[in-house]
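>>> below are the sequence and a predicted model for it; my questions follow.
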Amino acid sequence: MNAHALLPAEIALRRVAALCCLLLPSVLAAAPAVYFMDDQGNELLVLRDDEIPYASLRVVSPAATILISGDLEDEDGKLSFQMSAGLGADEELVTQAGWKVTASLDPAQSRAQVVLETFGKSVTGLPLLLPSANGSYKRVQTEERLRRAREENQLAEAALAAARERVAKVEHPGLQEILKSQGVWEDERLENARLVAESVDEKTASGDVPDYWQTMAEMTRARAQLLLAASGLEARPGFTGHYIDDAGGAIELSVGEGASPKTLAFEISVVRGPTAHTGALAGVAEFKEPDLAVFVDKNEEAFSDGRPATVRFRFRAHELVVEGENTSFYHGLRAFFDGTYYRLPE
């Protein structure tokens, strides 16, 4: 799901809280924004402000949303921008993978021909998520964006209802705890969507801002994926894959082939709490037991009181329990890597 951007989707996972940071900040709200959409609901945004030329591509899939954004290069209607999926790690392990978008506009600037590609290689070696996004996009106004965003949210609500029905008879403790938090999650979804809407257009009622409904849909799809992951109904053997928790954390894992001792490459990205404190770390852990891998950081600049960051990965069926020590260098004050993660259906 490579949402750490997805995101890994990319995050991808799409890290929904991170989207709140990547979506238009208020400083850009006055810039001349132009939107293009394709038949699948993918959306290209172009801001040709003289001081802040900027573009983003929002790619929607049933599992995740990837929001790719970057500085815009514009040469005679040929647009391009890219975003790295890089994570915090020592210099030898910094991820060099990412997404690149190119778009050609017609003379009337009423259509865009979009091409989405990936570049580089991640620490885990797993490919970045690349949903279908290539093709023709038509320029759209606010009314059309709003209509389609509301439809997208309705589809996401239906997907969540189907997921809840599917896991209804599963008695796994972790799943039950997540189901009990439904009310809290609904409040967080409304608040996050409101904040995003206000950052885009503080003068318009939130429900009349397309980005409000897009954020609602993104969080709803992520919730449906979380329920299925926590249920274990579609769990696959092995440890390689993508994992998420119920608090804005995503992990990508890949077991080393033929290594001795056996290794586990990982990439973690988190966005925690209403203040959206973030964190990221990539590295390679060694298996100490069949179901336990341990990472000990070698980056002395990141040591806390002379002690290295340590992360333990304990596997329990479709669950992954993560415990971190001295990891503050790699995340914000209120962020953390610890918790129980669940493997996503592939």
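Structure's in. What do you need?
>>> how close does Ala103 sit to Gln109?
According to CB to CB, to the nearest Å, Ala103 and Gln109 sit 11 Å apart. Using the backbone N, CA and C atoms, a C-beta is placed for each residue, glycine as well.
>>> pick out whichever of these two has more residues nearby.
In this view Ala103 and Gln109 are compared by other CB atoms under 10 Å, and Ala103 has more residues nearby, 23 against 12.
>>> hmm, that one is touching Ala112, no?
Yes: using CB atoms under 8 Å, Ala103 makes contact with Ala112 at a distance of 4.6 Å.
>>> spit out the residues that contact these two alike.
Phe36, Leu44, Leu79, Tyr137 (CB atoms under 8 Å, 6 or more residues apart in numbering).
>>> most neighbours among those residues, which one is it?
Neighbour max across the shared contacts of Ala103 and Ala112 (other CB under 10 Å) = Leu44, 26 neighbours.
>>> mind pulling up the pLDDT for that one?
We have a pLDDT of 96 for Leu44.
>>> contacting residues for it?
By CB under 8 Å, 6+ apart, the neighbours of Leu44 are Tyr35, Phe36, Met37, Ala55, Ser56, Leu57, Arg58, Val101, Ala103, Ala112, Val114, Tyr137.
>>> 10 Å instead?
By CB atoms under 10 Å, 6 or more residues apart in numbering, the contact set of Leu44 is 34-38, 55-59, 68, 79, 101, 103, 105, 112, 114, 116, 133, 137, 139-140.
>>> farthest pair within the shared contacts of Ala103 and Ala112?
Leu79 and Tyr137 (11.4 Å; CB to CB).
>>> tell me how far the helix ranked longest in the chain is from the chain's mean position?
When the chain is scanned for its longest helix (criterion: DSSP state H), the result is helix 142-166. Centre-to-centre, helix 142-166 and its host chain are 18 Å apart (CA atoms, centre = their mean, to the nearest Å).
>>> quick one: mean pLDDT for it?
Averaging pLDDT along helix 142-166 gives 96.
>>> please produce TSV containing the shared contacts of Ala103 and Ala112, extended by secondary structure and distance to Glu346.
As requested, the shared contacts of Ala103 and Ala112 are arranged in TSV below (DSSP: H, G, I helix; E, B strand; the rest coil; distance: CB to CB, whole Å):
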residue	secondary structure	distance to Glu346
Phe36	strand	31
Leu44	strand	28
Leu79	strand	33
Tyr137	strand	29
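>>> what about Pro107, distance to Gly77?
To Gly77, Pro107 is 8 Å away according to CB to CB.
>>> which residues do Ala103 and Gln109 both contact?
Phe36, Val46, Gly77.
>>> need the residues touching each of Leu79 and Tyr137.
Contact criterion CB under 10 Å, 6+ apart; residues shared by Leu79 and Tyr137: Leu44, Ala103, Leu105, Ala112, Val114.
>>> ok, of those residues, which one's closest to Glu191?
Closest to Glu191 out of these is Leu44 (27.6 Å), distances taken as CB to CB.
>>> what segments of the stretch 51-200 of the chain are strands?
Assigned by DSSP state E, counting those that start in this stretch, the strands in the stretch 51-200 of the chain fall at 53-60, 65-71, 73-75, 78-84, 98-105, 111-119, 135-140.
>>> now the fourth one: mean pLDDT?
For strand 78-84, mean pLDDT rounds to 91.
>>> do the same with the third one
Per-residue pLDDT over strand 73-75 has a mean of 87.
>>> off-centre distance for it?
Taking CA atoms, centre = their mean, one finds the center of strand 73-75 at 27 Å from the center of the full chain.
>>> Provide the strand pairings for it, with the direction of each partner.
strand 78-84 (antiparallel) (DSSP bridges).
>>> in contact with the closest residue to Thr142 other than its chain neighbours, which residues?
In this structure, Thr142 finds its nearest non-sequential neighbour in Pro210, 6.7 Å apart by CB to CB, 6 or more residues apart in numbering. By CB under 10 Å, 6+ apart, the contact set of Pro210 is 35, 43, 140, 142-150, 152, 197, 200-201.
>>> do you know the pLDDT at Pro210?
95.
>>> and it, its phi and psi?
As for Pro210, its main-chain torsions (degrees, to the nearest 10) stand at phi -50, psi -40.
>>> ok, it to Thr204 distance?
To Thr204, Pro210 is 10 Å away according to CB to CB.
>>> mutual contacts of those two, please.
Common neighbours of Pro210 and Thr204 (CB under 10 Å, 6+ apart) are Thr142, Ala197.
>>> which stretches of the stretch 201-346 of the chain have low pLDDT?
Along the stretch 201-346 of the chain, the model assigns pLDDT under 70 to residues 258-260.
>>> what segments of it are strands?
241-244, 249-255, 263-272, 277-289, 292-296, 310-316, 319-325, 339-343.
>>> want to throw those into a markdown table with mean neighbour count and distance to Leu179?
Shown next, in a markdown table, are the strands of the stretch 201-346 of the chain (neighbours: other CB atoms under 10 Å; distance: least, CB to CB, whole Å):
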| stretch | mean neighbour count | distance to Leu179 |
| --- | --- | --- |
| strand 241-244 | 26 | 16 |
| strand 249-255 | 25 | 19 |
| strand 263-272 | 26 | 21 |
| strand 277-289 | 20 | 26 |
| strand 292-296 | 19 | 29 |
| strand 310-316 | 17 | 19 |
| strand 319-325 | 18 | 16 |
| strand 339-343 | 23 | 13 |
